[in-house]
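S.K.: fold the following.
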Amino acid sequence: MTPSRVPDPPARGNIDLLSELEPVVARELDRHLATAQEWFPHQYVPWSGAQDFDGPLNGEPWHADQSALAPAVRDALLVNLLTEDNLPSYHHEIVSRFGRDSAWGTWVNRWTAEEGRHSDALRGYLHAVRGLDPVELERARMTHVGNGYDSGQPTLAHALAYVTVQELATREAHRNAGQACGDPHGTRLMSRIAADENLHMIFYRAVCSDALDMAPDPMAAAFADVICGFRMPGHGIPGFQGRAARIATAGVYDVAVHRDRVLLPLLRRLRLMDRTDLGTAGEEARDRIGHHLEVLSDKRRRLQKLRDRRRRPQNLPSVPTPEGSAAPEIRQGPDRRKP
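M.R.: Down below sits the predicted model:
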């Protein structure tokens with residue numbers, strides 16, 4: 001049953017929301033600093049198996065047959081790494097939104113410092129195991145970082161909604177790529193990176209929870225806009241569409257993962273679909289989200305049928321598979337907002 005509507009709340013400006021959320025950010029920053037674990041990228045790279053490359057060191061050139069990674073996993077790790085490489089643009093985005101003052105500025109700098117470890121560790125791993133062509137990787141990095149990044153989010157509410165969805169999506173992308181790589185060193189590293197992304201998501205989700213209480217309609221509308229038009233931050237990577245299709249076909253990150261392990265857990269935790277304090281704009285936003293989830297469900301069913309046909313031996317019936325369920329969060333210590 002749809003909750004009864006309440007009168008629309010007064011409009012809230014971005015600067016008001018920024019100021020009113022500052023105590024929330026301070027609280028969640030303290031929680032994050034108490035929970036986050038120190039780790040060192042160099043300890044996750046299997047240096048003992050590395051060898052020099054061609055060039056000034058006159059080492060061995062890279063060849064595709066040196067990589068033990070499946071093609072779709074190569075695509076996934078390249079996309080993940082180049083996404084992390086664009087950190088300077090992401091820093092500019094959030095510091096422009098959140099500012100350099102008070103707890104907001106402290107969080108921005110801490111987040112940036114933690115995120116910087118990811119590209120260092122992942123590039124070191126891929127070079128050590130010769131998982132990707134280092135020349136192709138560097139050329140793609142130069143192009144991608146040179147193009148910069150603009151999220152296009154129009155308000156602070158939109159920016160908060162986007163980073164919350166994006167951090168959870170990135171967590172799943174890293175973790176799934178690690179599980180698919182078939183190498184315990186890669187799995188360990190990607191799980192470590194995913195744990196960072198999980199803590200970042202918890203921070204933003206907590207801030208959004210309070211923001212929804214302060215400004216339910218604007219935040220609901222922002223989440224609807226972000227969810228219905230969501231694109232990963234690496235969408236500008238050269239060849240992204242083809243790589244994303246191969247990543248989805250392999251099941252590393254597809255519409256089922258996005259719906260079942262990103263959107264549904266997030267919406268449940270924020271109680272966005274059963275709030276009773278939404279006005280007309282908020283109700284309309286919730287309807288848009290509900291319709292989008294139905295569209296994703298239909299795409300997921302069609303994708304599963306396609307996979308079943310590809311796997312089905314001739315003249316044998318397919319075995320139906322159960323509906324996907326939400327994966328548990330990676331946790332590093334308590335989440336104070338756990339109900």
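S.K.: how about low-confidence regions in the stretch 1-150 of the chain?
M.R.: Within the stretch 1-150 of the chain, the stretches with pLDDT under 70 are 1-15.
S.K.: in the helix or strand Leu306 falls within, what counts as buried?
M.R.: Taking DSSP states H and E as the criterion, Leu306 maps to helix 280-311. Buried residues in helix 280-311, counted by 16 or more other CB atoms under 10 Å: 281-283, 285-286, 288-289, 292-293, 296, 300, 303-304. Where you see a C-beta, it was placed from the backbone N, CA and C, and this is true even at glycine.
S.K.: now do stretch 220-233
M.R.: Using 16+ other CB under 10 Å as the test for burial, stretch 220-233 gives 220-227, 230, 232-233.
S.K.: rewinding a little: would a markdown table of the buried residues of helix 280-311 with distance to Leu160 and pLDDT be doable?
M.R.: Output for the buried residues of helix 280-311, formatted as a markdown table (distance: CB to CB, whole Å; pLDDT from 0 to 100):
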| residue | distance to Leu160 | pLDDT |
| --- | --- | --- |
| Ala281 | 17 | 96 |
| Gly282 | 16 | 97 |
| Glu283 | 21 | 97 |
| Ala285 | 15 | 98 |
| Arg286 | 17 | 97 |
| Arg288 | 18 | 98 |
| Ile289 | 16 | 98 |
| His292 | 19 | 97 |
| Leu293 | 21 | 97 |
| Leu296 | 22 | 95 |
| Arg300 | 27 | 88 |
| Leu303 | 30 | 82 |
| Gln304 | 33 | 81 |
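S.K.: and these as TSV, adding distance to Pro216?
M.R.: Formatted as TSV, the buried residues of helix 280-311 follow (distance: CB to CB, whole Å):
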residue	distance to Pro216
Ala281	9
Gly282	6
Glu283	10
Ala285	10
Arg286	10
Arg288	15
Ile289	14
His292	19
Leu293	19
Leu296	24
Arg300	29
Leu303	34
Gln304	35
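S.K.: measure how buried Asn58 is and give me the count.
M.R.: Number of residues near Asn58 (other CB atoms under 10 Å) recorded here: 8.
S.K.: from Val135, how far off is Leu29?
M.R.: Per CB to CB, to the nearest Å, Leu29 is found 41 Å from Val135.
S.K.: please identify which of those two sits among more neighbours.
M.R.: Neighbour count, other CB under 10 Å: between Leu29 and Val135, Leu29 has more, with 18 against 13.
S.K.: and after the helix or strand encompassing the more buried one, which helix or strand comes next?
M.R.: Using DSSP H and E, Leu29 falls within helix 22-35. Going down the chain from helix 22-35, the next helix or strand is helix 71-85, by DSSP H and E.
S.K.: if we can go back for a sec, Arg110: which of the buried residues of stretch 220-233 is nearest?
M.R.: Using CB to CB, Pro233 comes nearest to Arg110 of these, at 19.1 Å.
S.K.: pLDDT wise, what is the closest one at?
M.R.: Per-residue pLDDT puts Pro233 at 93.
S.K.: Ser19 versus that one, what's the distance?
M.R.: On the measure of CB to CB, Pro233 and Ser19 end up 27 Å apart.
S.K.: and Ala215, how far is that from Glu138?
M.R.: According to CB to CB, Ala215 and Glu138 sit 44 Å apart.
S.K.: Arg188 now?
M.R.: Distance, Arg188 to Glu138, using CB to CB: 25 Å.
S.K.: of those two, who's got more company?
M.R.: Neighbours per residue (other CB under 10 Å) separate Arg188 from Glu138, with Arg188 holding more: 14 against 11.
S.K.: need the contact list for the nearest residue to that one once chain neighbours are set aside.
M.R.: Closest residue to Arg188 apart from its sequence neighbours, by CB to CB, 6 or more residues apart in numbering: Tyr44 at 6.5 Å. Each residue near Tyr44 by CB atoms under 8 Å, 6 or more residues apart in numbering is listed here: 121, 124-125, 185, 188-189, 192.
S.K.: and those as JSON lines, adding secondary structure and distance to Gln153?
M.R.: JSON lines is the format used below for the contacts of Tyr44 (DSSP: H, G, I helix; E, B strand; the rest coil; distance: CB to CB, whole Å):
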{"residue": "Ala121", "secondary structure": "helix", "distance to Gln153": "28"}
{"residue": "Gly124", "secondary structure": "helix", "distance to Gln153": "32"}
{"residue": "Tyr125", "secondary structure": "helix", "distance to Gln153": "32"}
{"residue": "His185", "secondary structure": "helix", "distance to Gln153": "36"}
{"residue": "Arg188", "secondary structure": "helix", "distance to Gln153": "34"}
{"residue": "Leu189", "secondary structure": "helix", "distance to Gln153": "30"}
{"residue": "Arg192", "secondary structure": "helix", "distance to Gln153": "29"}
